[in-house]
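In: here's my sequence, what's the structure:
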Amino acid sequence: SVVDDSAPKAKSFGGQVTDWLSDPNIRERAKSGRQTARMALAGATLRNHLSAIETLKALNMPATDENVQKTLLTSDATNFARVERFPNVLPLHGRKRVMRDLLPSRNLGVGSAWEYLEYMGSGPDTAVSVTSITSVTTVATLTATAHGCRVGDRIYVSGATEAGYNGYFFVVSVPTADTLTYTIDAATADTTTGTIVFRNLSIWAGAATVAENNAKPESKLLPRTVTGVIELIAHIFRVSKQALDDVIGLQSDINTMGIRGLAELEEYKFLYGTGAASTITGLLVATGTQSYSQAVNGAVGRFSMLRHGMTLLENVGAMPSACVMNPNDHETFETSVGLDDHWLLPAGSDGGTSSFWRCPCVVTRSIAPGTILMGDFQEGAYIVDRESPNVSFADQDGDDFKYNRLAIRFEERLGLAIPRPEFFIELSLTS
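Out: From the prediction side, this is the model:
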């Protein structure tokens with residue numbers, strides 16, 4: 001047989017990128033999207049390859065597939081280090097929505113701690129005088145002439161002799177135009193004295209109608225400074241070099257499982273992080289969030305609880321963007337039936353995005369059964385990314401070189417800021 005050597009041979013990836021960059025019209029083509037399909041790379045991936053080619057050029061080395069790959073695996077741009085790193089590794093398999101999809105993120109360039117303002121609210125600069133505060137067990141009744149508060153408003157009380165009456169609270173009821181009730185942490189003296197004042201922090205400061213050439217009212221912002229921390233989460237796999245060489249797809253499987261391990265712990269931390277020893281404080285642990293328990297048993301009570309949770313969030317100016325629940329509770333909602341045994345199927349149970357009362361639902365096993373987190377995830381909190389999920393490996397950890405093993409490390413560094421804790425509510429199922 002005759003072998004035809006005249007057919008053009010496919011260029012290496014490095015060669016393709018070099019040709020692509022040498023095209024004088026590449027910028028215009030990139031803008032219009034024409035004739036760039038063969039370079040289907042994400043922005044970060046393309047930047048990494050361009051950086052690799054620049055490194056090879058500086059070292060006077062050809063941009064072959066092997067050399068580009070080696071350069072991408074270096075931890076130091078000036079040499080081929082033994083400890084190799086794949087930045088920003090993400091699982092390739094399909095997945096459902098998780099809490100990271102709900103929360104916006106910001107990058108932290110340096111350091112392991114930062115400060116942010118937790119906005120306790122904004123009200124008029126001049127506080128409202130309180131006539132009296134009395135209580136029965138944990139129900140406190142505040143009397144102030146024409147207080148103007150509504151159910152769900154957040155108030156700040158100060159000046160009471162009994163410290164238990166002071167602090168940030170939510171209005172539970174408004175019996176009259178001159179009285180309101182709120183819940184204190186523990187029973188205290190039936191009455192209190194002092195020069196007591198309060199501010200309504202849900203009226204968005206002291207804005208008022210002002211006649212021409214008159215003084216404008218002053219507003220007062222009541223924030224507190226919170227020190228956020230960066231938490232490192234990581235784990236290591238050990239595998240023989242022969243297994244990586246011989247088992248097809250093993251490296252990909254380890255990458256997927258390693259990153260998923262980080263993601264599942266991350267999900268739990270966003271919910272239940274204790275904040276101890278420089279770790280994340282989770283949304284279900286943070287102070288200042290709201291809470292509400294199911295008031296009526298059965299299916300109607302469950303759906304009513306979700307709807308009332310939305311109202312409590314809207315009363316403080318939040319816009320509920322999602323609720324987070326355990327798979328078992330999600331099944332309970334979707335299999336709920338009415339008195340005549342018909343399904344109470346909410347919107348989204350037809351195979352689309354699950355939602356309740358127009359509020360999308362994220363299902364995760366990280367949250368405990370019986371607990372539902374609802375909130376304004378776009379405005380109430382955000383993730384601080386210090387170091388994206390990455391994988392590094394080496395063969396010189398302990399006896400690994402002796403036994404021809406590789407240690408594969410997956411890790412990320414991140415934090416969670418909660419500037420508006422009242423924008424989240426913990427809902428408790430009772431049946």
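
In: what are the pairing partners of the helix or strand hosting residue 228, and which direction each?
Out: Element membership for residue 228 (DSSP states H and E) is strand 219-229. Paired neighbours of strand 219-229 in the sheet (DSSP bridges): strand 113-124 (antiparallel).

In: mind exporting the C-alpha coordinates of the strand it pairs with to PDB?
Out: What follows is strand 113-124 as a C-alpha-only set of coordinates in PDB (Å, rounded to 0.1, in the frame of the first residue of the first chain):
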ATOM      1  CA  ALA A 113      -9.600  39.200  57.200                       C
ATOM      2  CA  TRP A 114     -11.600  42.200  56.200                       C
ATOM      3  CA  GLU A 115     -14.200  44.500  57.700                       C
ATOM      4  CA  TYR A 116     -17.700  45.300  56.500                       C
ATOM      5  CA  LEU A 117     -20.700  47.200  57.800                       C
ATOM      6  CA  GLU A 118     -23.700  45.300  59.100                       C
ATOM      7  CA  TYR A 119     -26.600  47.700  58.500                       C
ATOM      8  CA  MET A 120     -28.700  47.700  61.600                       C
ATOM      9  CA  GLY A 121     -31.100  50.200  60.000                       C
ATOM     10  CA  SER A 122     -31.600  53.900  59.200                       C
ATOM     11  CA  GLY A 123     -33.900  56.300  61.000                       C
ATOM     12  CA  PRO A 124     -34.600  59.900  61.900                       C
END
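
In: quick one: contacts of the helix or strand that that strand is followed by?
Out: Proceeding N to C from strand 113-124, the next assigned helix or strand is strand 128-129, under DSSP H and E. For strand 128-129, contacts defined as CB atoms under 8 Å, 6 or more residues apart in numbering pick out 144, 147, 196, 197, 198, 199, 200. For every residue, glycine as well, the C-beta is placed using N, CA and C.

In: over to stretch 222-232?
Out: Outside stretch 222-232, the residues touching it (CB under 8 Å, 6+ apart) are 108, 111-123, 156, 199, 201, 269, 273, 278-280, 384, 386, 411-418.

In: re the thing from before, go through the strand holding residue 228 and flag the buried ones.
Out: Of all the residues in strand 219-229, those buried under the rule 16 or more other CB atoms under 10 Å are 220, 226, 228, 229.

In: what is the lowest-pLDDT residue among those residues?
Out: Note: of the buried residues of strand 219-229, the lowest pLDDT belongs to residue 220, at 76.

In: how near is residue 100 to residue 112?
Out: Taking CB to CB, to the nearest Å as the measure, residue 100 falls 20 Å from residue 112.

In: dump the residue contacts of the nearest residue to residue 323 once chain neighbours are set aside.
Out: Once flanking residues are discounted, residue 323 sits nearest to residue 374: 4.2 Å by CB to CB, 6 or more residues apart in numbering. The contact partners of residue 374, taken as CB under 8 Å, 6+ apart, are 306, 309, 310, 313, 320, 322, 323, 324, 359, 424, 425, 427.

In: name the SS class of residue 374, please.
Out: At residue 374 the chain is in strand, as set by DSSP: H, G, I helix; E, B strand; the rest coil.

In: can you give me the helices in the protein?
Out: For the chain, the helices defined by DSSP state H cover 13-22, 26-32, 43-58, 65-72, 99-102, 241-246, 250-272, 298-314, 327-334, 377-380, 400-403.

In: low-confidence ranges, the stretch 151-300 of the chain, go.
Out: Along the stretch 151-300 of the chain, segments meeting pLDDT under 70 span 203-205.

In: ok, residue 194 - contacts?
Out: Shown in contact with residue 194 (CB under 8 Å, 6+ apart): 159, 160, 161.

In: of the residues you listed, closest to residue 366?
Out: residue 160 (40.0 Å; CB to CB).

In: tell me how many other residues surround the closest one.
Out: Neighbours of residue 160 under the rule other CB atoms under 10 Å: 24.

In: apart from its neighbours in sequence, what residue is nearest it?
Out: Sequence neighbours aside, residue 192 is the residue nearest to residue 160 in space, at 4.5 Å (criterion: CB to CB, 6+ apart).

In: isn't that neighbour right up against residue 159?
Out: No: here residue 192 does not reach residue 159: they are 9.4 Å apart, not a contact under CB atoms under 8 Å.

In: those two: which is more packed in?
Out: A count of neighbours by other CB under 10 Å puts residue 192 above the other of residue 192 and residue 159, at 21 against 17.

In: now the more buried one: phi and psi?
Out: phi -140, psi 160 (degrees, to the nearest 10).

In: so who does it touch?
Out: Residues in contact with residue 192 (CB under 8 Å, 6+ apart) are 133, 134, 160, 161, 162, 165.

In: out of those residues, flag the one nearest to residue 262.
Out: residue 165 (45.0 Å).

In: check the gap between that closest one and residue 154 for me.
Out: Relative to residue 154, residue 165 is positioned 16 Å away (criterion: CB to CB).

In: can you check residue 393 too?
Out: 50 Å.

In: how about residue 178?
Out: Computed as CB to CB, the residue 178 to residue 154 distance reads 19 Å.

In: which of the two has more residues huddled nearby?
Out: Shown here are residue 178 and residue 154; by other CB under 10 Å, residue 154 has more neighbours (24 against 13).

In: ok, the nearest residue in space to the more buried one that is not next to it in sequence - contacts?
Out: Spatial nearest neighbour of residue 154, chain neighbours left out: residue 201 (4.5 Å); criterion: CB to CB, 6+ apart. Residue 201 sits next to 120, 121, 122, 123, 153, 154, 155, 156, 168, 222 when contact means CB under 8 Å, 6+ apart.

In: among the helices of the chain, which gets the worst mean confidence?
Out: Across the helices of the chain, the lowest-scoring stretch is helix 26-32, with a mean of 56.

In: can you pull out the low-pLDDT segments for the stretch 1-150 of the chain?
Out: Applying pLDDT under 70 to the stretch 1-150 of the chain flags residues 1-49, 51, 58-60, 65-66, 68-96.

In: pull the number of nearby residues for residue 412.
Out: Counted with other CB under 10 Å, the neighbours of residue 412 add up to 19.

In: for burial, what's the neighbour tally of residue 372?
Out: Residue 372 sits with 27 neighbouring residues when counted by other CB under 10 Å.

In: re earlier: using PyMOL, define a selection of the buried residues within the contacts of stretch 222-232.
Out: Typed into PyMOL, the line below selects the buried ones among the contacts of stretch 222-232, using 16+ other CB under 10 Å:
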select buried, resi 108+114+116+118+119+120+121+122+123+156+199+201+269+273+279+280+384+386+411+412+413+414+415+416+417+418
